[in-house]
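J.: just the structure for this:
(2 chains)
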Amino acid sequence: MRHSFLDRYSRLASPIHRLPGALKLAATLVLLISIVTVPISLPGVFLGIFMLLIVVAFVSAIPPVFLLRRMLFLELFVIGVTVLSLFQKNGIIIFTALSVKSTLCLFTIVLFSNTTPFSELLALMKTWGISGLLITTLSLLYRYLFVLVDETERMHRARTSRTFVTRRRALWRSYATVIGQLFVRSTERAERIYAAMCARGWR
Amino acid sequence: MHIPDGFLDTKTVVMTGTLSLVGVATAWRQTKKHIEPQRVPMLGITAAFVFAAQMLNFPVAGGTSGHLMGAVLTSVLLGPNAAIIVITSVLVVQCLLFADGGVLALGANIFNMAVIGSVVGGFLYRGVSRVLPGEWGNISAVAIAAWFSVVLSSICCAGELAWSGTVSWDAAFPAMAGIHALIGVGEALITCLVITAVKRSRPELLKANSGKNGARTGSVIVYALLLAIGLVMFISPFVSTWPDGLEMVAAKLGFDQKAIQYPLAEELFPGYKFPGLDSSTTAAIIGGVLGVLMVFLLVSILSRKLKTRA
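T.: Down below sits the predicted model:
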């Protein structure tokens, strides 16, 4: 089981983790909206938000190295888009504004997702009256994500340990077979899950 | 193609949010109405499957690698309605759990990847496989659907970025469309290979899924309108400032002065722009939306007439 890369730290016991999920979600949204809408000519606001986030990160006791690594990994995708903004009038200003804003937004969401368990979010969505079908889909996705990622890794390992070709064509074919097989197994698993759900009084 | 937060301005966030809300609501209503109870868990498990499949990296060239996106694959396997729900759930989890794609930009991401990916992919697949019969026709339908949906999503993404004023269209369009024309080839290849693999081991899965859960006429109309409005909104303001092919040729050959003016068309939509509005962008958008609606109305009236006659 190597799925700890998922929401590993979302179940710690810090004061931030103990706060109600609704409060954290509201705070996250307020922060995101203010980061996006405040003009870049007020650097004080962004500095303030950054300090606040640093304090939250410190209190939440999430290892800083983990946070830093996650941020750097996600930053790669952000830079890909920000670089494009250089090719226009006032490119440098827009580039700085975008980088600052998107980095702060990323930091906010990373902190939020690592201090709030997903099941709590789902319970929250249920109280908003979001349809049962969507909630069921989301919770099954979250529940079986770990199982299927494990299964994929096992199948992939088994496949690579038995095939000694490095030609791209053969590789692609074998990867695709793994994915196809994964789908077939998922279908069979869904049938078993349905039987289990019915046995426990679903519907 | 996941747009992070901070890249879209308020109007784009609201617009894409509304479009994807309507899209997901339509998909949800259709699925709820027509799904058999034993297939409900299938949606969640397929979403987990898409997630897990995205973790397998295919070696491309020179040390780079890519992965499956899966909208067209899901659309072919489960039908477009279910695919929208599945891909939307994947995007929600990616956003809230991994900060991959922004929270405010979720609407844009859902529209680009879940709605466009599933709808364009699903309908192109059905249309082309009807025209091209047989095993090979089916596989090439998958390939065409995959390529077009990836490229169209990326163009829409570029349009949203340009509309927000973060990236200029002249930089965003070639970069996004160019890269994704290549990525689309990869996606088409992977999707075809996976479909073939599923067909080889469990052919009945494909047949069982593609027959049922197809979109009904009502939802087809909603999806078509959503796509049209989205494309007109995000792309047409930029495209319309270019001279179109015919106008350019006419200008080059010097007979644009001789062009006959069509009085009625000019009066209604001068240069496709709605009269009485100063801002040319707004005018272009409104003109485009009206144009789409009129064409749509014409087509639906015509098709109904033709149907009753046949």
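
J.: from here on, just use CA atoms for contacts and neighbour counts.
T.: Fine.

J.: and residue B:281, what's its pLDDT?
T.: In this prediction, residue B:281 carries a pLDDT score of 60.

J.: low-scoring stretches of the stretch 151-300 of chain B, by residue?
T.: For the stretch 151-300 of chain B, the stretches with pLDDT under 70 are B:208-216, B:239-300.

J.: point out the residues in it that sit beside chain A.
T.: Contact residues (CA under 8 Å from any CA of the partner chain) of the stretch 151-300 of chain B with chain A: B:166-168, B:171-172, B:190, B:193-195, B:197-198, B:201-202.

J.: try it again at 7 Å.
T.: Taking CA under 7 Å from any CA of the partner chain as the criterion, the stretch 151-300 of chain B approaches chain A at residues B:166, B:167, B:168, B:171, B:172, B:190, B:193, B:194, B:195, B:197, B:198.

J.: which strand or helix spans whatever residue of chain B ends up closest to chain A?
T.: Nearest residue of chain B to chain A (CA to the nearest CA) works out as residue B:44 at 4.1 Å. Taking DSSP states H and E as the definition, residue B:44 sits inside helix B:40-53.

J.: kindly export that helix (C-alpha atoms) in PDB.
T.: Listed next in PDB are the C-alpha coordinates belonging to helix B:40-53 (Å, rounded to 0.1, in the frame of the first residue of the first chain):
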ATOM      1  CA  VAL B  40     -25.200   3.100  -9.600                       C
ATOM      2  CA  PRO B  41     -22.000   1.900  -7.900                       C
ATOM      3  CA  MET B  42     -20.500   1.600 -11.400                       C
ATOM      4  CA  LEU B  43     -20.300   5.400 -11.700                       C
ATOM      5  CA  GLY B  44     -18.200   5.800  -8.600                       C
ATOM      6  CA  ILE B  45     -16.000   2.800  -9.400                       C
ATOM      7  CA  THR B  46     -15.400   4.100 -13.000                       C
ATOM      8  CA  ALA B  47     -14.400   7.400 -11.500                       C
ATOM      9  CA  ALA B  48     -11.900   5.700  -9.300                       C
ATOM     10  CA  PHE B  49     -10.800   3.700 -12.400                       C
ATOM     11  CA  VAL B  50     -10.200   6.900 -14.400                       C
ATOM     12  CA  PHE B  51      -8.200   8.300 -11.500                       C
ATOM     13  CA  ALA B  52      -6.100   5.200 -11.200                       C
ATOM     14  CA  ALA B  53      -5.600   4.900 -15.000                       C
END
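
J.: what mean pLDDT does it get?
T.: Rounded mean pLDDT across helix B:40-53 is 91.

J.: which residues outside the very next helix or strand once past that helix are in contact with it?
T.: Using DSSP H and E, the helix or strand that directly follows helix B:40-53 along the chain is strand B:58-59. Contacts with strand B:58-59, where a contact means CA atoms under 7 Å, 6 or more residues apart in numbering or on different chains, come from A:172, B:65, B:66, B:67.

J.: for the stretch 151-300 of chain B, what spans make up the helices?
T.: For the stretch 151-300 of chain B, applying DSSP state H, counting those that start in this stretch gives helices covering B:169-201, B:203-211, B:217-234, B:236-239, B:245-253, B:263-268, B:280-309.

J.: around chain B, which positions in chain A sit nearby?
T.: Counting by CA under 7 Å from any CA, the residues of chain A near chain B are A:7, A:36, A:78, A:84-85, A:87-88, A:94, A:98, A:101-102, A:105-106, A:109-110, A:113, A:137-138, A:140-141, A:144-145, A:148-149, A:152, A:172-173, A:176-177, A:179-181, A:183-184, A:186-187, A:190, A:193-194.

J.: one step back: restricted to strands, list the contacts of strand B:58-59.
T.: The strands, defined by DSSP state E, take in B:65, B:66 from the contacts of strand B:58-59.

J.: and the contacts of strand B:58-59, which of them are buried?
T.: Buried members of the contacts of strand B:58-59, scored by 16 or more other CA atoms under 10 Å in any protein chain shown, are A:172, B:66, B:67.

J.: can you give me every residue that contacts the last one?
T.: By CA under 7 Å, 6+ apart, the contact set of residue B:67 is B:54, B:56, B:57, B:58.

J.: could you dump those into TSV with neighbour count added?
T.: Compiled in TSV, the contacts of residue B:67 are given as follows (neighbours: other CA atoms under 10 Å in any protein chain shown):
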residue	neighbour count
B:54	17
B:56	20
B:57	14
B:58	19
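
J.: right, and out of those, which lies closest to residue B:115?
T.: Residue B:115 has its nearest neighbour among the contacts of residue B:67 in residue B:54, at 18.5 Å by CA to CA.

J.: residue B:71 is in contact with the closest one, correct?
T.: No: if you go by CA atoms under 7 Å, residue B:54 and residue B:71 don't touch, sitting 11.2 Å apart.

J.: out of the residues of the stretch 151-300 of chain B next to chain A, who has the most neighbours?
T.: Within these, most neighbours by other CA atoms under 10 Å in any protein chain shown means residue B:167, with 28 neighbours.

J.: skipping its backbone neighbours, what lies nearest that residue in space?
T.: Nearest non-adjacent residue to residue B:167, counting by CA to CA, 6 or more residues apart in numbering or on different chains: residue A:85, 4.5 Å away.

J.: can you count the residues close to residue B:201?
T.: Neighbours of residue B:201 under the rule other CA under 10 Å: 13.
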